[in-house]
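Peer 1: Sequence and predicted model, in that order:
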Amino acid sequence: MNLHHKMDEADRRNRLDDMAQGVLSTPMDRPEGPLKVSGTATYAHEAQPEGMLHGVFVRAPRLGRVVEKDDAAAREMAGVEAIISGDRLLRNPAQGTANEAPIQGATEVHYVGQPVALVVADTFETARAAAQSISFEIADADRAPTDPRNYDSPEDEQSSMGDLEKAMKEAAISIDQTYTTPSHNSAAMEPHASIAHWDGEKLTLRGSYQMLKYNRNELADALGVDPENVRIVAPYVGGGFGSKLGIAPEAVAAALAAKETGRPVGVAMTRQQVFESTMRRSETKQRIRLAADANGRLSGIGHDAWVSNLPDEDYFEPVTQATPFTYRGENRMIGTHVTRVSRTCAGSVRAPGEAVGVTCFEIAMDELANAAGIDPVELRRRNIAEQDPTGDQPYSSNKLDATLTSGAAAFGWDNSCPAPSSRREGEWLIGQGMASAVRVNTLMGSKARVTLDPDGTATVETDMTDIGTGTYAILTQLTAEMLGLKPSAVEVRLGDTDHPPGAGSGGSWGAASAGSSVFLACQSLRGHIAKALGTDEKDLTLKDGQAIADNRSVPLSEILDAPLESIGEIEPGDTGDDVRQATWGAYFSEVAVNAVTGETRVRRMHGTFAAGRILNPKTARSQCLGGMTFGIGMALTEELMHDPRDGRIVNRDFAEYHLPVNADVPQLTVELLEERDPWANPMQAKGIGELGICGAAAAILNGIYNATGVRVRDLPATLDKVLAGLDD
Amino acid sequence: MKTTLTINGNTHALDIDPRTTLLDALRNHLDLTGSKKGCDHGQCGACTVIADGRRINSCLTLACMMDGVEITTVEGLGKPGDLSPLQDAFVRHDGFQCGYCTPGQICSATAMLEEARAGWPSAVTDNLEGETVSLGNGEISERMSGNLCRCAAYPNIVDAIREVSERKEVAE
C-alpha cells in the first residue's frame, strides 16, 4: 500500500486544508529542541565508540607534486597507529547531488591546504603532534593560475534575446556597471567530522552530511565498495549551508583508516581545514546592463558573470540563475564565463547563484531608480513581468508585488525618494535601502515510510536530514495533521541510510520534497482507514486518535489490529517545466554609517516573503532570519582573501573571516505571506531556506548609498571603501 | 598526567595527556559532548562552560589547570523534562536552529545574567557605577557576541534571554 505520485499537473485540491487536527502551519516548537538545549542531541563526532582512534589531517603547504614525505618522527611516536595517504584520499569534496566520488589522490596538490595524509593515533593529542611533525618535499608542477584570468565562455551558458546593444543605445536611462563579490565560506558551526567503523565488509559512518542518499554512493565509489555495504548516520547536523552536500575528505580518510587499523576511527576537521579543504563560494565579477525608458520600464537586461573553480570540476556558481525571469525586458544577453584556478574548490554556499547574482542585480536596480528619480519600490513594481519573459512560461505564482507592498508598509518605507546624505544624527549618516528577493523553486524525488500503530502513535522514517532547517518539526506536524494525532504521538527518525531515501537538505527543496513523501504515505494510510470504515478517504476525518465518518467516531485502536505501514514517494514531473516556479520577497533596511570611521551599522531590517504554504511559521521565520543575517555578512564583512602568489586562503579562521555576531544583527523582522502554489507539490508549499539571502545584502548596500551617496560595487562594504567615497 | 576534575558536581579522576584541553577532556574522555568544538581557538564560543561561576572557552584551557575548579557544562544546567529557565526559553523562542552553538550560548547566557546582576559593565553600558545592569536588547547582544551562531538565531536568542532576565528582575 505504497503511494507514488509524479508531479505532472497542478494540484489544487489543497487537501491539507481539509484536515482537522490543527497543528500544521502553527508555530510549534521543535520537538528535538530539549535535546539540543541540553547538549544531549548527538552530532557527528559524538557517541564515540569504545576504542576509537583519532585521525588528524596533514595539509599540503604549497602547490605542486608530493615527491617525498618525511614521517619518521611521527612513526616513532608512541600511540601512532597508522599514516594514511595515497590514491583514494579525496582531493576535495563531492559537489551536491554528484552521486559519485570526486577527484581523488593525495599526490597532485591543486590548492594549498589540500589534505595529503591522515595520521591516526590513540589520542587526539598524539595524532595532532604527529601530524605536525610530518614534512613534505613538494616539487613544482604545472598548475592552474592562482588568480582568475583567461575565462572560457561555454556555449550553452550564453543566451540572448532581441538586441541588447540597440536597446542600450536607445534607452532614455541606462546602467552599465561592474560589480565584484569575494569568495565566501559556509562556516557551519559544526566542522566536518566523521566516525567510521567496519564490521566485516559493512561500513557504518557517522557523519555531518546534508544529502545521505547521494553521500552513500559517493563514499562507496571513493572506497571502491558496494553501496549496499555502506550505511551513513547523521541524526543531527550542525549546520550545512551547502558545505556538507557532498562527501568530504574526512569521511573517506576515516573509512580508510578504520579499515587499515581494524578499529573505529574518528576524524574531525579543524576550522582551518574546513576553510581550506571543503568548499568556498566562487568570487564573482558581474557586468550588469539595464536599458529603460524615462519611466523606468526595462527594455533590456544584460548580466554577465565571471567565476572560477579547480581544474576538472563541473560545478560553477550559477550567478545569473534568476536573471532571465525576475523582471520584464525584451532584449537580453545573459552569460557565464568560467576559469580554472589553484584555489580551494568552489561549490554550493547557501543559495548558489541568487545569493550573489540577485544581490548585484538589485544594486544595479537601485542605480537605475536613482538615475530615473523613481522610488526603488515603485521601479521594481513597474518591471514585474506577466510571465517568464525568457521561457514564455507562466509563473506558478509571482508574489513580488505583494511582498513589495506589504514589506514597505511593515517597514515604514519612505517612498518620497529621499536624497542621499540627507539625514544625519551626530556622526551618523542614516539611510534606507531595499531590494527584491527571488529564488528558483525545485522539487526532488523523495521517499518516506510512515507506520501507524494501533496504539495511536506514528513513526516517520526517511534518510532526509535536519540541518537546523526544522525537518523534525514539520514532518511531525504534517504526520500529526494528516493522521489526526497529537504531535507528541509522532516520532520522526531522520538521517540514516537504512531508512527510505529522501531528497536531502539543500537547494531549498528539503521541506517540500520530503514533506510531500510523508504527505503521500499518510494519504495512503488514510485510504486504508477509510476503506476499513467503508467510506471514501476524502470524507474521512482523523482527529485526536479518532476516525470520524458518516456520523461515527471510532478510535484508531478499534480499526487497526496491527501496525499499518506505507511508503510515500514523490517524483518531480512536468510542473517543473510547464511553469516558472520561484519564491519571492522584499527586504528593507535602515542603516547608519559613521561619517568619521566609515563603519556601517544595520539599525533595522525587515523581510517579507512568499513561499507557498508555510508549514511552520516559527521555523520558517528562523530560516529567513538566518538568510538575512548571511546578507548582513555579505554586505559588510565576509570575504575570503586569497594570497595572489599561491591562491591560499589567508584568513582561514573566525578571527579573520568575520561572520556577523549578535551585536551586528538588530531585531530583524520577518513577515510570511500566506499562499498556495498548486504547481509546486501536493502540499502547495515551496522552499524557504535560501530565499532570505537572495538579495539581502543589496538592501544594506543600497541603504549605504542612500545614507552617504557612496556606491560600493566591490563587496563587502568595508570601512575603507566607504571612507574613500565620503567627503571630508 | 593525573587530574581530578569536578564537573556538574561529580568528581572525575583522569590520567590524561597534559596537552589535553578541558574541552577535549569533556568530549573525548568523559563522554560529556554537550560542549562543542567549533574552532578550537576561542573564536566561536561553542565550547563555553562555567568555571567557578565565570564563563570560559573550554578549548583555551588545559584540563590539568582545572583541578579543584567547579565546572558546569550544559549537561549540568538541565535535562529534557527538567530544563533550566534559559534552556526552556531557547526552545520556545527558537533560539537555535542546527543546535551546535546552543550549549555554548546557554552556558554563556547563564553566567552573563549573573555578571549583569553583579553590575559588571559592558562596552555599551552607560552607567559604569550601577549596582546592577538592566539588560535591554543592546546589552544582551553586546554581551553575547562571543558566541557565534551561523544559523543566526540572534534575535531569538536575545528574546529568550531578555524574557528570563525580566522574569528574574520581577522575582527579586
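Peer 2: Everything's here; your move.

Peer 1: Which secondary structure element of chain B has the lowest mean pLDDT?
Peer 2: helix B:154-171 (a mean of 92; mean pLDDT, DSSP states H and E).

Peer 1: could you say what helices and strands that one packs with?
Peer 2: Contacts defined by 3 or more C-beta pairs under 8 Å, 6 or more residues apart in numbering or on different chains; DSSP states H and E place helix B:154-171 against helix A:617-636, helix B:85-92, helix B:102-117, helix B:137-143. For every residue, glycine as well, the C-beta is placed using N, CA and C.

Peer 1: As a markdown table, those helices with mean pLDDT and distance to residue A:32 would be great.
Peer 2: As requested, the helices and strands packed on helix B:154-171 are exported to a markdown table (pLDDT from 0 to 100; distance: least, C-beta to C-beta, whole Å):
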| stretch | mean pLDDT | distance to residue A:32 |
| --- | --- | --- |
| helix A:617-636 | 98 | 11 |
| helix B:85-92 | 98 | 10 |
| helix B:102-117 | 97 | 11 |
| helix B:137-143 | 98 | 25 |
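
Peer 1: near chain A at all, stretch B:92-101?
Peer 2: Yes - residues of stretch B:92-101 contacting chain A under C-beta under 8 Å from any C-beta of the partner chain: B:92, B:94, B:96-101.

Peer 1: Report the two of those separated the most.
Peer 2: Longest distance between any two of the residues of stretch B:92-101 next to chain A is 19.6 Å, between B:92 and B:100; criterion C-beta to C-beta.

Peer 1: Neighbour count: the two, which is higher?
Peer 2: residue B:100 (30 against 15; other C-beta atoms under 10 Å in any protein chain shown).

Peer 1: show me the contacts for the more buried one.
Peer 2: A:43, A:188-190, A:238-239, B:36, B:38, B:46 (C-beta atoms under 8 Å, 6 or more residues apart in numbering or on different chains).

Peer 1: Can you pull the domain assignment for the chain?
Peer 2: Chain wasn't specified; assuming chain A. A:3-41+A:444-572, A:53-143+A:186-277, A:350-442+A:578-725 (automatic domain parsing).

Peer 1: sorry, should have said chain B
Peer 2: Taken from automatic domain parsing, chain B resolves into B:2-76, B:85-171.

Peer 1: how long is the shortest one from one end to the other?
Peer 2: Spelled out, it's domain B:2-76. This stretch, domain B:2-76, spans 23 Å end to end (C-alpha to C-alpha, to the nearest Å).

Peer 1: and it, does that touch chain A?
Peer 2: Yes - counting by C-beta under 8 Å from any C-beta, chain A is contacted by domain B:2-76 at B:17, B:19-20, B:24, B:27-28, B:31-41, B:43-44, B:46, B:73-75.

Peer 1: circling back: now distance to residue A:47 too, for the domains of chain B, in CSV please.
Peer 2: What follows is these, written out as CSV (distance: least, C-beta to C-beta, whole Å):
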stretch, distance to residue A:47
domain B:2-76, 8
domain B:85-171, 15
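
Peer 1: Using CSV, list the CA coordinates for the least confident helix or strand of chain B.
Peer 2: Extracted C-alpha coordinates of helix B:154-171, given in CSV (Å, rounded to 0.1, in the frame of the first residue of the first chain):
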residue,chain,number,x,y,z
TYR,B,154,20.4,36.1,17.3
PRO,B,155,17.1,37.9,17.5
ASN,B,156,15.5,34.9,19.1
ILE,B,157,18.4,34.3,21.4
VAL,B,158,18.1,38.0,22.6
ASP,B,159,14.3,37.5,23.1
ALA,B,160,14.9,34.3,25.1
ILE,B,161,17.5,35.8,27.4
ARG,B,162,15.5,39.0,27.9
GLU,B,163,12.5,37.1,28.9
VAL,B,164,14.4,35.1,31.5
SER,B,165,16.2,38.3,32.7
GLU,B,166,12.9,40.2,33.1
ARG,B,167,11.3,37.3,34.9
LYS,B,168,14.3,37.3,37.3
GLU,B,169,14.0,41.0,37.9
VAL,B,170,10.3,40.7,38.7
ALA,B,171,11.0,37.9,41.1
